[in-house]
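Asks: Next comes the sequence, and after it the predicted model I'd like to discuss.
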Amino acid sequence: CQLPPTVKSESPYSAGLKMSLFERLALYGLRPIMLNTQYRMHPLLSAFPSEQFYDGQLSDDKTKTPAKKAKAWVFKEPLVVAPVFTAESPKGTSHM
């Protein structure tokens, strides 16, 4: 299933633009196939749409390595965050 196109004008509806390209191709006899491998979501997130919308047929890409856990503090020196409440002003080629 594909989301329909967003059309703000009423005139394109008479030209058949209310139907998505995928729907038009299927209407003219092109047999749709399901792409069953997803590459973007973490497997814990993709489990829900796989079960609820694809009858468990959606699988995760097995070639990607799991992301490494980041260290809690990556800086060698302490970090200071100072709020600045004045506007920037040009000074030479910099803004201060």
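Replies: Right, received. Where do you want to start? Everything numeric here is computed off the predicted structure, so don't read it as measured data. Residues are numbered from 1 along each chain as shown.

Asks: mind checking the SS state of the residue nearest to the spatial centre of the chain?
Replies: Centroid-nearest residue in the chain, with CA atoms, centre = their mean: residue 40, separated by 7.6 Å. Under DSSP: H, G, I helix; E, B strand; the rest coil, the three-state class of residue 40 is coil.

Asks: State the number of residues packed around residue 79.
Replies: Summarising burial for residue 79: neighbours were counted as other CB atoms under 10 Å, giving 7. (Each C-beta comes from the backbone N, C-alpha and C, glycine too.)

Asks: does it count as helix, strand or coil?
Replies: Quick answer, by three-state DSSP: residue 79 is coil.

Asks: where along this protein do the helices fall?
Replies: Assigned by DSSP state H, the chain shows helices spanning 21-27, 43-54.

Asks: Can you name every helix or strand that the longest one contacts?
Replies: Spelled out, that is helix 43-54. Applying 3 or more CB pairs under 8 Å, 6 or more residues apart in numbering; DSSP states H and E, one finds that helix 43-54 makes contact with strand 59-60.

Asks: Residues touching the strand it packs on, excluding its own?
Replies: 36, 37, 38, 41, 43, 46, 50 (CB atoms under 8 Å, 6 or more residues apart in numbering).

Asks: what is residue 38 paired to in the beta sheet?
Replies: As for beta bridges, residue 38 partners with residue 60 under DSSP bridges.

Asks: Could you pull up the contacting residues of it?
Replies: Contact partners of residue 38, counting by CB under 8 Å, 6+ apart, are 46, 50, 58, 59, 60, 61.

Asks: Any regions of this protein where pLDDT drops low?
Replies: Across the chain, the ranges flagged by pLDDT under 70 are 1-3, 12-16, 64-70, 95-96.

Asks: again, only this time at 90
Replies: By pLDDT under 90, the weakly predicted segments of the chain are 1-27, 31-35, 40-45, 53, 61-96.

Asks: Count the neighbours of residue 47 for me.
Replies: Residues near residue 47, counting by other CB under 10 Å, number 14.

Asks: Understood, closing this out.
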